[in-house]
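Peer 1: The sequence and its predicted three-dimensional model are supplied below.
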Number of protein chains: 2
Amino acid sequence: MSVETRHVLGERSFDRSVIRWIMKSVGNPRISVRLWNGDEFRVTEARPVACMEFRSRRAVFELLRSPSVGFGECYSRGLIDIHGDFLAFANEITAAIAEHRDNSYNASKLRSLLHAMRRNSLQRSRHNVHHHYDLGNDFYKLWLDERMVYTCAYYDTPAATLDEAQVAKLDHVCRKLQLQPGQKVIEAGCGWGALALHMAEHYGVNVTAYNNSREQVAYARERATARKLDDRVTFVEDDYRMIDARCDAFVSVGMLEHVGLANFRSLGALIKRVLKPDGFGLVHSIGRSFPNRTDSWITKHIFPGGHIPSLSEMMSVFEPQKFSVLDVENLRPHYARTCATWLQNFEAEADKVAEMYDEEFVRMWRLYLAGSSAGFESGTLQLYQVVFTPRGNNDVPWTRHYQYPGFAEAR
Amino acid sequence: MSVETRHVLGERSFDRSVIRWIMKSVGNPRISVRLWNGDEFRVTEARPVACMEFRSRRAVFELLRSPSVGFGECYSRGLIDIHGDFLAFANEITAAIAEHRDNSYNASKLRSLLHAMRRNSLQRSRHNVHHHYDLGNDFYKLWLDERMVYTCAYYDTPAATLDEAQVAKLDHVCRKLQLQPGQKVIEAGCGWGALALHMAEHYGVNVTAYNNSREQVAYARERATARKLDDRVTFVEDDYRMIDARCDAFVSVGMLEHVGLANFRSLGALIKRVLKPDGFGLVHSIGRSFPNRTDSWITKHIFPGGHIPSLSEMMSVFEPQKFSVLDVENLRPHYARTCATWLQNFEAEADKVAEMYDEEFVRMWRLYLAGSSAGFESGTLQLYQVVFTPRGNNDVPWTRHYQYPGFAEAR
């Protein structure tokens, strides 16, 4: 054996050792690894669900530097490739990490608090929202449902399509708010306006809906005009902190994730100020089963300024204002399915997306959608709908039959 | 006017001023006040709902010393009397205090933490439980429902009687736990065994139920034998901390209030240890809309060692163990009605109770039952049912239809 050959073997065996060490640190997922020279090996004895290809040694260093940001950036740039079903791969890795990393609760909580100390100023929030939501309506149209609802759907029957499940979600939210014709509703963070328009059209309420994203608001206003709802729905292109009206119902679907923990209490104070004493509120947000910081690749590339709260953290919206929390529902499996469907739709249009942006963008979004689905599938992420009312309100339903049409209200 | 007359008038006017000051500090309730000399005056212009009689000046001093303990002890001993409907009086005072005392959230939270630092040792817990629950089964039989369920009922129809509403509660809990025949269930804090027996009889499960109260356990065992359920239900006279089995379902109804905040985390660790990875748990507890210490008269005379948690405080049972909270339901109005019905039943048997104990005991329990009903009516107290499962469990229902019989499960 020549000196050169031994040197090469030594190198390869060193690479393998480092990769095995990385894989151990994420719980030894059932995947195989392929190196830039074609060498392939399994991480565990179990049959691999997918193959992860390191296309250059640099990817190993990037993973060592930061498993989350490193993997995300290497995959996006093509330094790492995944062979096999991408969602299955994401599910496998996420589940392995969730099972393996039995983080100490106190350490996680501390990380969450440190993460949460970054405040989102008005200007910063506009920038953060712009980063994600002003990518262009045409892009989101490619893979969202027809109403462009970019939050967790509600599959109330197993056969429901994404379109049906999004309508079911809108109705589920409206029923939970017990909307009555003529009521005034404030929506904070209204996306492309689907919920606001649905509430006005099907529940006869007047809606003022806030959103920082110029593109989304422009689109929502067009829709309101086309559906002749512009006398009942007002879309305001502004931060939720500018709300100054009074309302019978306050609703926010998929905004709390962007608010940042440091602003939860002032969000609660704002709701307290605007909600009538007999009004109802609903906050729908991605959550966690315990406090932790948000994934660093996600905060760097997808949602700057975001924080995914645990239920106890969410309570800092409600408890300082002495709101009475009436109902919390966890829709975790629904969001896993929603994201998986978005991913499917996205993949079908990946060529178009690559034309609109580039291949790196496609890979980044593939990772984001698959990773989100996997986060909900593994229980790393949860989805909470919280219904609340001012504490003194005794005009509350006795049972939850009102949420399930067909049931007579039991009051 | 003689010097003596002026002196007497001055005294009376001083008493009135002090009482007005006390009444202002509890939010100026709509009551009238009668003094030991027959003088009567209103606290506000509004028509009084009841009359509070100070039968001696000492009662004024006791109220000054401590509004809660002072009032409770003076009323119990007959130094203060209430003329008119006692529950209406309790509701009025409690609502006035709830509206008036806009305690700073941080101060309340601090009080809650200080209160919570007292730990309940095993011995202390046995003593505390004995204090309340070993008063004698005959006493509780006088005013509870036929199954002796001493927790919040569930009035799923407006016309339900207390008996019906307690059965509805037992079924609501069983459905939330998705019990299947042959499963093993652990119950922590089982009272007189009604839920354990109901689960075994109607859902075909095997139950091990823990309780520190000798009298309650003896009664529960008798019932199990009489209903031929003793092969399926085991009642253990021991602290919940002694549980060492594994189970498909863990349930605790009305125990968390006695556990003390300092022990929440170890309760969660115990549940984590005993609950199978695909198991479900339910904790049913009195709660608050924000952290605060428990009423001092209640902790002195009724429930030593107790702590009524807010939802964020309750999460310290679940979050450190990374449980996935699936569902929180607030049954506050149900407990106001339950306590009001208990009070009605109790008043109908007050003479018997006075014979068994004495008049002071009757007055103490009247105050406790009316005060509890008023606490729920005003929103000072809440009632949370929390359903949870280990985070990784993906075999969770997609909707809550399973909780409402007649609905097809949508999985």
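Peer 2: Cool, the structure landed. Residues are numbered from 1 along each chain as shown, chains lettered A, B, ... in the order given.

Peer 1: need the contact list for the closest residue to chain B within the stretch 101-250 of chain A.
Peer 2: In the stretch 101-250 of chain A, the residue that lies nearest chain B is residue A:105 (4.1 Å; CB to the nearest CB). Any C-beta I mention is one placed from the backbone N, CA and C, and that applies to glycine too. Listed by CB atoms under 8 Å, 6 or more residues apart in numbering or on different chains, the contact set of residue A:105 reads A:290, B:319-320, B:322.

Peer 1: how about the residues of the stretch 301-411 of chain A that lie near chain B?
Peer 2: By CB under 8 Å from any CB of the partner chain, the part of the stretch 301-411 of chain A that sits against chain B consists of A:310-312, A:315-316, A:318-320, A:322-330, A:332-334, A:377-379, A:382, A:391-394, A:396, A:398-401, A:403-404, A:406-407, A:410-411.

Peer 1: just checking, residue A:112 is part of a helix?
Peer 2: Yes - counting by DSSP: H, G, I helix; E, B strand; the rest coil, residue A:112 is found in a helix.

Peer 1: isn't it right up against residue A:313?
Peer 2: Yes - taking contacts as CB atoms under 8 Å, residue A:112 lies within contact range of residue A:313: 7.1 Å.

Peer 1: Report the closest residue of the stretch 151-300 of chain A relative to chain B.
Peer 2: Using CB to the nearest CB, residue A:290 is the residue of the stretch 151-300 of chain A that sits closest to chain B, at 4.3 Å.

Peer 1: Checking that residue next. Helix, strand or coil?
Peer 2: Applying three-state DSSP: residue A:290 is coil.

Peer 1: Is it correct that it is in contact with residue B:316?
Peer 2: No - the pair residue A:290 / residue B:316 is not scored as a contact, 10.4 Å apart, by CB under 8 Å.

Peer 1: higher neighbour count, residue A:112 and residue A:313?
Peer 2: When neighbours are counted by other CB atoms under 10 Å in any protein chain shown, residue A:112 and residue A:313 differ, and residue A:313 comes out ahead with 24 against 21.

Peer 1: So which bits of the stretch 1-150 of chain A are right by chain B?
Peer 2: So the stretch 1-150 of chain A meets chain B at A:95, A:98-99, A:105 (CB under 8 Å from any CB).

Peer 1: who are the neighbours in contact with the closest residue to residue A:89 other than its chain neighbours?
Peer 2: Closest residue to residue A:89 apart from its sequence neighbours, by CB to CB, 6 or more residues apart in numbering or on different chains: residue A:50 at 3.8 Å. Neighbouring residues of residue A:50 by CB under 8 Å, 6+ apart: A:31-32, A:82-86, A:88-89, A:92.

Peer 1: The same query, at a cut-off of 6 Å, please.
Peer 2: By CB atoms under 6 Å, 6 or more residues apart in numbering or on different chains, the residues touching residue A:50 are A:31, A:82, A:84, A:88-89.

Peer 1: Angles on the backbone of it, please.
Peer 2: Torsion angles at residue A:50 (phi, psi; degrees, to the nearest 10) stand at phi -160, psi 170.

Peer 1: about what we covered before: of residue A:290 and residue B:316, who's got more company?
Peer 2: The neighbour count for residue A:290 versus residue B:316, taken as other CB under 10 Å, is higher for residue A:290 (23 against 20).

Peer 1: which one is that one nearest to, not counting chain neighbours?
Peer 2: residue B:319 (4.3 Å).

Peer 1: Equivalent analysis for residue A:77, please.
Peer 2: Leaving aside its sequence neighbours, residue A:77 sits nearest to residue A:360 (CB to CB, 6+ apart; 5.9 Å).

Peer 1: can you check residue A:317 too?
Peer 2: Leaving aside its sequence neighbours, residue A:317 sits nearest to residue A:268 (CB to CB, 6+ apart; 4.2 Å).

Peer 1: and the one you found, what is it in contact with?
Peer 2: Taking CB under 6 Å, 6+ apart, one finds A:317, A:320-321 in contact with residue A:268.

Peer 1: rewinding a little: for the residue of the stretch 101-250 of chain A closest to chain B, grab phi and psi.
Peer 2: phi -60, psi -40.

Peer 1: Regarding chain A, what is its longest strand?
Peer 2: Secondary structure of chain A per DSSP state E: the longest strand is strand A:275-287.

Peer 1: what's in contact with that strand?
Peer 2: Residues contacting strand A:275-287 (CB under 6 Å, 6+ apart): A:173, A:176-178, A:248-253, A:256-257, A:271, A:308-309, A:381-390, A:393, A:395.

Peer 1: Just the residues you listed: which are in helices?
Peer 2: Using DSSP state H, the subset of those located in helices is A:173, A:176, A:256-257, A:271.
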